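Asker: predicted coordinates and the sequence they were generated for:
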Amino acid sequence: MLAIGVAYVRALGATSGAGQIFIGPMAKPHRMFFMTIAALYCGLTPVSLQPIEPVTGWSIVAFALWIVIGGCVITTGRRLIHIARRLRNAT
């Protein structure tokens, strides 16, 4: 859902006249790369070597998803700030 929100903010900026803003830190290519690395690690590593955090029970994929979630929130904020700046400077 957050990835859809990030894309929506980009589209909103484009339709409002601020242009396409693809800044990150978790733009689509970054999210895809991060999750691909996590999936490849889990697919190529034996389960006995895949660490699970003892307190929360998080696996590599859960940890990667939380990082992506945090990055999406930061990315959304940064894009909104850039859109607001461009629109203020345009008037």
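Answerer: Arrived safely.
Asker: run through this protein and note the low-pLDDT ranges.
Answerer: Screening the chain residue by residue with the criterion pLDDT under 70, one finds the ranges 91.
Asker: the longest helix seen in it: how far from the chain's middle?
Answerer: Ranked by residue count under DSSP state H, the longest helix found in the chain is helix 60-90. Mean C-alpha position of helix 60-90 versus that of the full chain (CA atoms, centre = their mean, to the nearest Å) differs by 7 Å.
Asker: list the buried ones in it?
Answerer: Neighbour counts using 16 or more other CB atoms under 10 Å place 60, 64-65, 67-68, 71-72, 75-76, 78-79, 82-83 of helix 60-90 among the buried residues. C-betas here are computed from N, CA, C, even on glycine.
Asker: swap in stretch 32-51?
Answerer: If you call a residue buried by 16+ other CB under 10 Å, then stretch 32-51 has these buried ones: 34, 38.
Asker: before we move on, the earlier item: list just the nearest of the buried residues of helix 60-90 to residue 18.
Answerer: When the buried residues of helix 60-90 are compared for distance to residue 18 (CB to CB), residue 83 comes out closest, at 4.4 Å.
Asker: so what's the closest one up against?
Answerer: By CB atoms under 8 Å, 6 or more residues apart in numbering, residue 83 lies in contact with 9, 12, 13, 16, 18, 21.
Asker: repeat that for residue 66.
Answerer: residue 58.
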